[in-house]
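Colleague: coords please:
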Amino acid sequence: MASPRRGRASSTVLSSLPLQMLLCLSGTYYALYFLATLLLLVYKSQVFTYPHSYLVLDLTLLFLMGILEAIRLYFGATGNLMEAEVPLAASLVLTVGGALLSAYFLLWQTLVLRADAALGAPLLALHSLEAILEVVAIAAFLS
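Modeller: So this is what the prediction gives:
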């Protein structure tokens, strides 16, 4: 019986398993980060003097970050599995945006607690690792 692959050239898998694993880990961590940061914002608004306009700004940025993270993870996983440069490049651009928002919540939000730093530093590290692996994957897809 003939092999179903007869006549086809051997194809090489270029998608990155470490990137895919990191995207899954990042999605899980971000869900926890989002909930913890939301609870911290509620806590800060109740315990500390937190101006209403800044609370609205921080909540808006947190929800914007959630939307961007969902889109970024979708494009990253899709681009990696399909070995497509465009969705992966879009994910890379959104990763930079997510890293900037992570830095905002880590350093520049109205009131930064140690819990914010403990939550934000791993998220920023995940974004950095993903950006590096996305660049490597895009280079592999283009070559």
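Colleague: in stretch 23-41, what counts as buried?
Modeller: Within stretch 23-41, the residues that qualify as buried by neighbour count (16 or more other CB atoms under 10 Å) are 23, 26, 27, 30, 33, 34, 37, 40, 41. C-beta coordinates here come from the backbone N, C-alpha and C atoms, glycine included.
Colleague: for stretch 86-104, same thing?
Modeller: In stretch 86-104, the ones that count as buried by 16+ other CB under 10 Å are 87-92, 94-95, 97-99, 101-102, 104.
Colleague: So residue 72 is in contact with residue 91, correct?
Modeller: Yes - with contacts counted by CB atoms under 8 Å, residue 72 reaches residue 91, the gap being 5.2 Å.
Colleague: in this structure, which segments are predicted with low confidence?
Modeller: Within the chain, the stretches with pLDDT under 70 are 1-10.
Colleague: can you map out the helices along it?
Modeller: Under the criterion DSSP state H, helices of the chain are mapped to 17-47, 52-82, 85-103, 114-142.
Colleague: The ones you listed into CSV, with extra columns for distance to residue 11?
Modeller: CSV is the format used below for these (distance: least, CB to CB, whole Å):
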stretch, distance to residue 11
helix 17-47, 16
helix 52-82, 14
helix 85-103, 17
helix 114-142, 13
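Colleague: Of the buried residues of stretch 86-104, which is the nearest to residue 134?
Modeller: Nearest to residue 134 among these: residue 92, at 4.6 Å, using CB to CB.
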